[in-house]
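Asks: need a 3D model of the following:
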Amino acid sequence: MNNYKKFLGAKIKDIRRNRGYTQDFLSERIGIDPKHLSRIECGKNSPSLDLLYKICSVLKVNPSVLFDESMLKSKQELIRDISEILKNEPESDVRKYYKILINFMN
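Replies: Down below sits the predicted model:
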């Protein structure tokens, strides 16, 4: 469970930063002390369901985004999963996916 608290906190922090919000800004909007938000983002504390709803509202994300467990997989697991997905695809589609990936990385 502790690992999941860290994952959830890191996800909140990542989304907050991508929105350009500071901890002070988000904590003020959701009505908590910035130190409490910091402890949530570090995985030391868990938000209540009510607080989680407020965080999602301010960040404008569906709560399911915060619980995407695919992010908990190792690099090797992700590569294996991708390989399994592509294995049954036609070659032309695999080439399209490759181009998308290359363009995304540049």
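Asks: can you list the domains in this structure?
Replies: 2-68, 73-105 (automatic domain parsing).
Asks: switch these over to JSON lines; also include mean neighbour count.
Replies: The C-beta positions use only the backbone N, C-alpha and C, and glycine is treated the same way. Output for those, formatted as JSON lines (neighbours: other Cβ atoms under 10 Å):
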{"stretch": "domain 2-68", "mean neighbour count": "15"}
{"stretch": "domain 73-105", "mean neighbour count": "10"}
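Asks: mean pLDDT lowest where, among the ones you listed?
Replies: Here the domains of the chain differ in mean pLDDT, and the lowest is domain 73-105 at a mean of 87.
Asks: what about the strands in the chain?
Replies: Assigned by DSSP state E, the chain shows no strands.
Asks: longest single helix anywhere in it?
Replies: Longest helix in the chain by number of residues, with DSSP state H as the criterion: helix 2-18.
Asks: what's it packed up against?
Replies: helix 34-41, helix 49-59 (3 or more Cβ pairs under 8 Å, 6 or more residues apart in numbering; DSSP states H and E).
Asks: elements contacting the last one?
Replies: Using 3+ Cβ pairs under 8 Å, 6+ apart as the contact criterion, the secondary-structure elements in contact with helix 49-59 are helix 2-18, helix 23-30.
Asks: related to what we said a few turns ago, now render the helices and strands packed on helix 2-18 as JSON lines, adding distance to Glu91.
Replies: Output for those, formatted as JSON lines (distance: least, Cβ to Cβ, whole Å):
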{"stretch": "helix 34-41", "distance to Glu91": "44"}
{"stretch": "helix 49-59", "distance to Glu91": "40"}
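Asks: now for those helices, which one comes closest to Gly9?
Replies: Gly9 lies closest to helix 34-41 among those, at 4.4 Å (Cβ to Cβ).
Asks: just want the angle from the closest one to helix 2-18.
Replies: 120 degrees (axes from the mean of the first three to the mean of the last three Cα atoms, to 10 degrees).
Asks: if anything else comes up later, I'll come back, but that's it for now.
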